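>>> Need a 3D model of the sequence below.
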Amino acid sequence: MNHATKYWHVLEDDRIQCDVCPRFCKLKDGQRGLCFVRANEGGEIVSTTYGRSSGFCVDPIEKKPLNHFLPGTPVLSFGTAGCNLTCKFCQNYDISKSREMDKLADQASPEKIAAVAERLGCKSVAFTYNDPVIFMEYAIDVAQACHEKGIKTVAVTAGYICPEPRAEFYQHIDAANIDLKAFTDKFYMELCSAHLAGVLETLKYLKNETDVWFEITTLLIPGENDSERELNEECAWIVEHLGPDVPLHFSAFHPDWKMTDKPNTPTDTLHRGRKIAKDHGLHYVYLGNIHDYEGSSTYCSGCGEILIGRDWYELSTWKLTADGHCENCGTACAGVFDGPAGDWGRKRQPVRMG
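Model (predicted):
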């Protein structure tokens, strides 16, 4: 259903400019933005997917990926349709690139989502599969309903959002995974129709202006964003502007959507990226979309002891105190920890709201 929004203004030619993301879509009456879900209807921008989802599923929190936020716990995950980026390598393109409203197969009020999350024992609810920036009104209302029940909220996002809506959105978010797609504006412009600077501003905002726990993911695409120079520049920037405790995930690409001509990411590339990141002083560097115990586990930044052993999404070793310190040397592990690890494992449980 259509839902009122507030981040827009009328232009002199009677078009309306959407001010949620730096794309600044300028719409005539009846037109939709590039995201396809924010539309000019009757002289105002409305959200056309409020209360409607492409599906709900209980996942391990590590799948978001978040390795330092309530490890081992289940998270109720959902998204809508559409996206404000045009990534040619999108691995959720059937949802994020959808122009068919019948993709929105499930409906639920914010209160219903919070109640179901509580009933299923989920510690958090994640806005994911497509970017929550474009359905921020729905996400905020869900977050408020969840917080009333003591359930935390997670945003999985590309971080492409303007300052004013960004400030409102993140007031309601407890943790985020920011998809830093590359470290050149050329990549963002040619493959995503966006700009790198806006994403970097979001990362600095999260670090300096909020208490949101966040982690970063970079999908390494052969020949596009995996050069040694680019990886060095990315890691150096993270250490300088965000500090060494921000977890960084390097994930393996597989051919999808409009980039089926590219090969899978070689394992050696992922290991090289991890070494570069650690050489720059990053404490927590992970490898994603491959089976690699060493590259999935968490190590103490003080003594090097394994703190959390991971086999895919299954946790094995656990050597953290209840408040997140190394049992061996007492060094704090950055993150959000609440007692012992959860035991959700790698289960995936589809949920119908009806």
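>>> and the most centrally placed residue in the chain, what element?
Nearest residue to the geometric centre of the chain (Cα atoms, centre = their mean): residue 156, 1.8 Å. Using DSSP states H and E, residue 156 maps to strand 152-157.
>>> Next, find the distance separating residue 186 from residue 194.
The gap separating residue 186 from residue 194 is 12 Å, by Cβ to Cβ, to the nearest Å. Bear in mind the C-beta positions are built from the backbone N, C-alpha and C, glycine included.
>>> neighbour-wise, which of those two wins?
residue 194 (23 against 11; other Cβ atoms under 10 Å).
>>> tell me the phi and psi of the nearest residue to the residue nearest to the centre of the chain once chain neighbours are set aside?
Spatial nearest neighbour of residue 156, excluding adjacent residues (Cβ to Cβ, 6 or more residues apart in numbering): residue 128 at 3.9 Å. Phi and psi for residue 128, reported as degrees, to the nearest 10, are phi -150, psi -170.
>>> quick one, what contacts residue 128?
64, 77, 78, 79, 154, 155, 156 (Cβ atoms under 8 Å, 6 or more residues apart in numbering).
>>> And residue 191, by the same measure?
When contacts are counted by Cβ under 8 Å, 6+ apart, residue 191 touches 87, 88, 89, 181, 182, 224.
>>> what do you get for residue 179?
156, 157, 158, 159, 216, 217, 218, 219.
>>> and if you look at residue 115?
Residue 115 makes contact with residue 149 under the criterion Cβ under 8 Å, 6+ apart.
>>> Residue 9 is in contact with residue 44, correct?
No - using Cβ atoms under 8 Å, residue 44 is not in contact with residue 9, being 10.4 Å away.
>>> Of those two, which one has the most company?
Applying other Cβ under 10 Å to residue 44 and residue 9 shows that residue 44 carries more neighbours, namely 15 against 9.
>>> and the gap between the more buried one and residue 165?
Distance check for residue 44 against residue 165: by Cβ to Cβ, it reads 16 Å.
>>> next one: residue 184
26 Å.
>>> what about the residue lying closest to residue 4 once chain neighbours are set aside, helix or strand, and which?
Distances taken as Cβ to Cβ, 6+ apart put residue 46 closest to residue 4, at 6.2 Å, once the chain neighbours are dropped. Following DSSP H and E, one finds residue 46 within strand 45-47.
>>> Give the buried residues for that strand.
Within strand 45-47, the residues that count as buried by 16 or more other Cβ atoms under 10 Å are 45, 46, 47.
>>> I'd say the last one and residue 138 touch.
Yes - contact between residue 47 and residue 138 holds when scored by Cβ under 8 Å: they sit 6.9 Å apart.
>>> so what sits against both of the two?
By the contact definition Cβ under 8 Å, 6+ apart, residue 47 and residue 138 are jointly contacted by residue 3.
>>> which secondary element of this protein has the worst mean pLDDT?
helix 93-96 (a mean of 58; mean pLDDT, DSSP states H and E).
>>> Toward the C-terminus, what is the element adjacent to it?
Counting by DSSP H and E, the element after helix 93-96 in chain order, helix or strand, is strand 106-107.
>>> between the contacts of residue 128, which is nearest residue 172?
Closest approach to residue 172 among the contacts of residue 128 (Cβ to Cβ): residue 155, at 9.1 Å.
>>> surely that closest one meets residue 173?
Yes - using Cβ under 8 Å, residue 155 makes contact with residue 173 at a distance of 4.9 Å.
>>> Neighbour count for the two, which is higher?
Neighbour count, other Cβ under 10 Å: between residue 155 and residue 173, residue 155 has more, with 26 against 23.
>>> All the helices of the stretch 51-200 of the chain, residue numbers only.
All helices of the stretch 51-200 of the chain, identified by DSSP state H, counting those that start in this stretch, fall at 93-96, 110-119, 136-147, 163-170, 185-187, 196-209.
>>> So if we follow the domain assignment, how does this protein break up?
3-47, 52-295 (automatic domain parsing).
>>> Tell me which of those is the most buried.
Using mean count of other Cβ atoms under 10 Å, the stretch among the domains of the chain with the largest mean neighbour count is domain 52-295, at a mean of 20.
>>> from the chain's centre, how far out does stretch 263-282 sit?
With Cα atoms, centre = their mean, to the nearest Å as the basis, stretch 263-282 stands 21 Å off its chain's centre.
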